[in-house]
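Visitor: following is a predicted model, sequence given first.
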Amino acid sequence: MNVIRLFGACTLACAIGAAPAAAQTRKPAPKPPKPQVSAATREKAAETNANPDALVLADFQKRIEAYMAIHKDAAKDSPPLKETKNPGEIKSAQEALGARIRALRANAKAGDIMTPEIRNKFRRLMYPTVNPTAQDKLAPPSPVKDVPVQGTPVQGTSGKAVKADVKEELKENAEEQKEEGGKPVVLKVNAMYPPDSPLPSTPPQVLVKLPKLPEQLEYRIVGKNLIIRDVEANIIVDFVPNAIQ
Amino acid sequence: MRRSFSFVLMLLVLAVPALLAAQDLTLPMKKDSIKFAVIGDTGTGDKHQLAVAKQLAATRAKFPFDFVVMVGDNIYGGNTAKDYDRKFAAPYKPLLDSGIKFYAALGNHDDPSERFYKPFNMNGERYYSFKPADGVRFFALDSTYVDDKQTKWIDDQLKASGSDWKICFFHHPPYSSGETHGSDETLRTQLEPIFVKYGVNVVLTGHEHFYERIKPQKGIAYFITGSSAKLREGNIRATTELTAKGFDTGYTFMLVEISGDDFYYQALTDDGKTVDSGNVHRVGKVEPTPNRSAQPVVATSGKDAAKPAPAKPDVKPDPKADPKTNGK
């Protein structure tokens, strides 16, 4: 009996002792990015009585439209992407369109579309989905994640579960990159996305938070960065470095 | 050269009966029925994909399916012309050579440009439909990015479809007991009301690397077949109360036969063992009802594939299934 008591006391002491140590080693949660809006946007917002964030997103859409005008122009002079049994032809069509776009926007540079304030807005849009908030940490774990059979759906999965899913998908991307190898993705505007590199997936929970893109473009998360990829030309249109914070 | 050809031929002669011997097909194989297979999360090009592909081809000798539905992640990793060959054309060559059509949906690991690859039969579209026979229509969706345009498309398509059987297939599962991903509730919110409104009968998905038959939800039968090349062992959670049948200890594919009001299914492993079988029975024709909360259309039975199912849902475990089957 005494032995059991002694064992219990030791276990308790160890647990109490270990807790502060664990807290010390635990990485502090990253702080949410602070809004960063340029003076010009702030001024315009004040003049028009508009929300500065809305102006930033409208500016993003305008820049995407400008890119799409170039894309459409380039597509006129390139072999069209059409159904084929030969995947090599799909790749050739992508390469031809990519080369044409590259020529038409030869002077394009990082930040032309994703300006500093747009990058900041994107980081802020993504932050709550990829980082547990203080509220999530306080929330007790949901006893049942899903709906009861034939029952009324429970409104939404817990924020924690969504984040865990996003984290898992990002982990899977990293593993796939490791398994498949391929050339590393160079974050460079107009660069071709290496065809032998895996295309990392972007969790749907993240996608729904981001502004919509025309169907010729898509978002992909590469490491901690978010890229806008032209699907038909297989080129990097622009990117947000350290989008996941 | 001639000797090596004879050797390969001899191996084939020996291997095919061995593969067939393991199979115990429960499907009724009725005359004029629609027969197809379902595979998901396939595009690795590794030995597991090859094993499932080999079993699938061998199965066709007994169950002559006409086409294969692919529920996404068709090409993992690199996307070069060689990848298309190694991760699709080569593994399924015997089927492709026999004229079997594959209909693909895009997964989160796929390049949307795959829609231009003719053997995927996507007509260059991210989402599309096809009608293999009168009374049955399939709707392929791109579940990675469901925007308003796509929801309008599926709404219009289902509204216009006069087919008795409406089968949707896409990558992310609206219901899942997966530890890794779980149910995609965003997608469920977007699509389920449309499915219920127009009486979708069956939804085929992947993404989770296991097999799961979900208990019918609002009259719709949901299947997950995401382990045709990748596997997450022990990933089905027992606590969700969603699982009618789960199998997360081996690689699987599905066979389906539609005859009249019955959708017979059988899930098999790469070594031909049955892990689930049964029947989804259509009770009656559905007219679009905007305010429908639940449609009493589908009942499933996992008990006996050869007999029509009772009208109410039956979720008892299949006694014929492999003992390793996860009935969680």
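Guide: All right, it came through fine.
Visitor: so where do the helices sit in chain B?
Guide: According to DSSP state H, chain B carries its helices in the segments B:2-22, B:47-60, B:81-84, B:93-97, B:148-160, B:185-198.
Visitor: kindly report the same for chain A.
Guide: Using DSSP H, helices in chain A cover A:2-25, A:39-48, A:52-76, A:87-104, A:116-130, A:134-138, A:159-180, A:204-207.
Visitor: want to try CSV for these, with mean pLDDT and distance to residue B:201 as columns?
Guide: (Each C-beta comes from the backbone N, C-alpha and C, glycine too.) Shown next, in CSV, are those (pLDDT from 0 to 100; distance: least, C-beta to C-beta, whole Å):
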stretch, mean pLDDT, distance to residue B:201
helix A:2-25, 52, 51
helix A:39-48, 88, 51
helix A:52-76, 96, 39
helix A:87-104, 96, 34
helix A:116-130, 89, 33
helix A:134-138, 51, 37
helix A:159-180, 71, 28
helix A:204-207, 81, 24
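Visitor: quick one: the ones you listed as TSV, columns for distance to residue B:147 too.
Guide: Converted to TSV, these look like this (distance: least, C-beta to C-beta, whole Å):
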stretch	distance to residue B:147
helix A:2-25	43
helix A:39-48	27
helix A:52-76	15
helix A:87-104	23
helix A:116-130	16
helix A:134-138	27
helix A:159-180	19
helix A:204-207	9
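Visitor: can the ones you listed go into JSON lines with extra columns for mean neighbour count and distance to chain B?
Guide: Listed next are these as JSON lines, based on neighbours: other C-beta atoms under 10 Å in any protein chain shown; distance: least, C-beta to the nearest C-beta, whole Å:
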{"stretch": "helix A:2-25", "mean neighbour count": "9", "distance to chain B": "24"}
{"stretch": "helix A:39-48", "mean neighbour count": "12", "distance to chain B": "27"}
{"stretch": "helix A:52-76", "mean neighbour count": "16", "distance to chain B": "14"}
{"stretch": "helix A:87-104", "mean neighbour count": "19", "distance to chain B": "4"}
{"stretch": "helix A:116-130", "mean neighbour count": "20", "distance to chain B": "11"}
{"stretch": "helix A:134-138", "mean neighbour count": "10", "distance to chain B": "16"}
{"stretch": "helix A:159-180", "mean neighbour count": "17", "distance to chain B": "3"}
{"stretch": "helix A:204-207", "mean neighbour count": "21", "distance to chain B": "6"}
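Visitor: on that earlier part again, for chain A, find the nearest of the helices of chain B.
Guide: Closest of those to chain A is helix B:81-84, at 3.9 Å (criterion: C-beta to the nearest C-beta).
Visitor: what helices or strands is that closest one leaning on?
Guide: helix A:87-104 (3 or more C-beta pairs under 8 Å, 6 or more residues apart in numbering or on different chains; DSSP states H and E).
Visitor: how about the contacts made by the spatially most central residue of chain B?
Guide: Central residue of chain B (C-alpha atoms, centre = their mean): residue B:38, 3.3 Å from the mean position. For residue B:38, the contact set (C-beta atoms under 8 Å, 6 or more residues apart in numbering or on different chains) comprises B:68, B:69, B:71, B:169, B:204, B:223, B:225, B:253, B:254, B:255, B:256.
Visitor: could you do residue B:68 as well?
Guide: Residue B:68 neighbours (C-beta under 8 Å, 6+ apart): B:36, B:37, B:38, B:39, B:56, B:92, B:95, B:100, B:101, B:102, B:103.
Visitor: got it, and residue A:114?
Guide: Listed by C-beta under 8 Å, 6+ apart, the contact partners of residue A:114 are A:60, A:122, A:228, A:238, A:239, A:240.
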